[in-house]
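K.L.:
got a predicted structure plus its sequence, pasted below:
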Amino acid sequence: TACVNAALIEQAVVNLLDNAIKYSEPGRTVRIAAAREHDSAVITVRDEGAGIATEHLPRIFERFYRVDKGRSRDMGGTGLGLAIVKHIALVHGGGVGVASTPGQGSIFTITLPLAGPAPRPRAG
């Protein structure tokens, strides 16, 4: 079990889904998945969009950073969506990641720590 603020996690996932749809051509697939990996819950959003060049990846979660400044402005982007995702993950003790190949798409990951087992009542 992950102890989370559900509304914030929903906002983070919606931000990732919105970007995946916005930056993918019509007819392309966007996938979302959640899994347990060791002591973490991992949420991934995978798209088949244009991908992100390697030089942009280290800064992609910075506030106001845009890979394609003209296109983002035309689509109404503020450059805050991924920074918000990162902040939400950090508030929960987790983190974010991205892997991308230009021309093939991107995979964004939110990792959240899982809570330990619930304390058992003492027999007595």
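P.N.:
On my side now, so go ahead. Numbers count the residues shown, from 1 in each chain.

K.L.:
can you map out the strands along the protein?
P.N.:
For the chain, strands defined by DSSP state E occupy the ranges 30-37, 40-47, 95-101, 105-113.

K.L.:
would you format the ones you listed as JSON lines with mean neighbour count included?
P.N.:
(Glycine included, C-beta is placed from N, CA and C.) Output for the strands of the chain, formatted as JSON lines (neighbours: other C-beta atoms under 10 Å):
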{"stretch": "strand 30-37", "mean neighbour count": "12"}
{"stretch": "strand 40-47", "mean neighbour count": "20"}
{"stretch": "strand 95-101", "mean neighbour count": "16"}
{"stretch": "strand 105-113", "mean neighbour count": "21"}
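
K.L.:
please name whichever of the ones you listed is nearest to Phe64.
P.N.:
When these are compared by C-beta to C-beta, strand 95-101 sits nearest Phe64, at 16.7 Å.

K.L.:
partner strands of the closest one, parallel or antiparallel?
P.N.:
Applying DSSP bridges, strand 95-101 is found paired with strand 105-113 (antiparallel).

K.L.:
now do the strand it pairs with against strand 40-47, angle only.
P.N.:
Inter-element angle recorded for strand 105-113 and strand 40-47: 160 degrees (by axes from the mean of the first three to the mean of the last three C-alpha atoms, to 10 degrees).
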